[in-house]
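> Fold the following.
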Amino acid sequence: MKVRISKEDCHSATIMAQDTLKLLEMMGISPRLENDKQSRLAANIHGFKAEFVVARMFGCSLPTINIVTDGGKDLWIDGVSVDVKFSNREYGDLIFDNADKFAADLAILVGKITDEEMRVNGWIGRTKFLQLCSEHDYGYGKRLVMKHDELLPIGSLWEKLTERRMS
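The predicted structure follows:
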């Protein structure tokens, strides 16, 4: 599903990313980034944009800055924890460093089309991901991976959550 990000959400994502890096700097922590093609700031901005897209799509609380960690749970939709994963590619892969890093109930993959447009590629529950994922090394160690076309359509998540809410 192709979605456009509002100017307000783009602005908020940028401010939140800048604040996050400033807080880390003030704490003497060097943020990790294993990607030579973008800055940590750009990565954080896009990650927050993806979270705003999903929050708006499902009508849940908007993303917040977490000083220490969010525990792998970016958003909550009707009591279900969600890890929003961002890819710089429109049809990128869903990637977790290891099984412990998938701490939420489910993950939603969002890919970048432009700075103002993203594609919500799909979703998967934690248990199903761990059953179906494969290992891949992108040049910085093995990661657990699923291709975008192996994920469930995002509309099916809305249906599942609505059934749960209405039961």
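> How about the secondary structure of the nearest residue to D74 once chain neighbours are set aside?
Leaving aside its chain neighbours, D74 sits nearest to V84 (4.6 Å; criterion: C-beta to C-beta, 6 or more residues apart in numbering). For glycine as for every other residue, the C-beta is placed from the backbone atoms N, C-alpha and C. Of the three states, V84 takes strand under DSSP: H, G, I helix; E, B strand; the rest coil.
> Enumerate every residue touching V84.
By C-beta atoms under 8 Å, 6 or more residues apart in numbering, the contact set of V84 is 47, 50-51, 54, 74-75, 107-108, 110.
> Please repeat the previous calculation with a cut-off of 10 Å.
Residues counted as contacts of V84 (C-beta atoms under 10 Å, 6 or more residues apart in numbering) are 47-55, 63, 73-75, 104, 107-110, 120, 123.
> Specify the beta-bridge partners of it.
Taking DSSP bridges as the rule, V84 bridges to I108.
> and it, how far is that from L109?
Distance, V84 to L109, by C-beta to C-beta, to the nearest Å: 8 Å.
> hey, what's in contact with both of these two?
Common contact partners of V84 and L109 (C-beta under 10 Å, 6+ apart): 50, 54, 120, 123.
> Could you report the separation of the residue nearest to D74 from T114?
Taken as C-beta to C-beta, the span from V84 to T114 is 18 Å.
> hmm, back to that, of the shared contacts of V84 and L109, closest to H136?
H136 has its nearest neighbour among the shared contacts of V84 and L109 in W123, at 19.8 Å by C-beta to C-beta.
> So what pairs up with that closest one in the strands?
W123 has the following beta-bridge partners by DSSP bridges: I108, L152.
> Name the residues of stretch 64-84 that come out as buried.
70, 72-75, 77, 80-84 (16 or more other C-beta atoms under 10 Å).
> Show me which of those residues is closest to Q38.
V84 (17.6 Å).
> so how far is whichever helix in the chain runs longest off the chain centroid?
Longest among the helix segments of the chain by residue count, using DSSP state H, is helix 7-27. Centroid displacement of helix 7-27 relative to its chain, using C-alpha atoms, centre = their mean, to the nearest Å, is 16 Å.
> tell me the average confidence for the next helix or strand after that helix?
Downstream of helix 7-27, the next assigned helix or strand under DSSP states H and E is helix 40-58. For helix 40-58, mean pLDDT is 94.
> Thanks a lot, catch you later.
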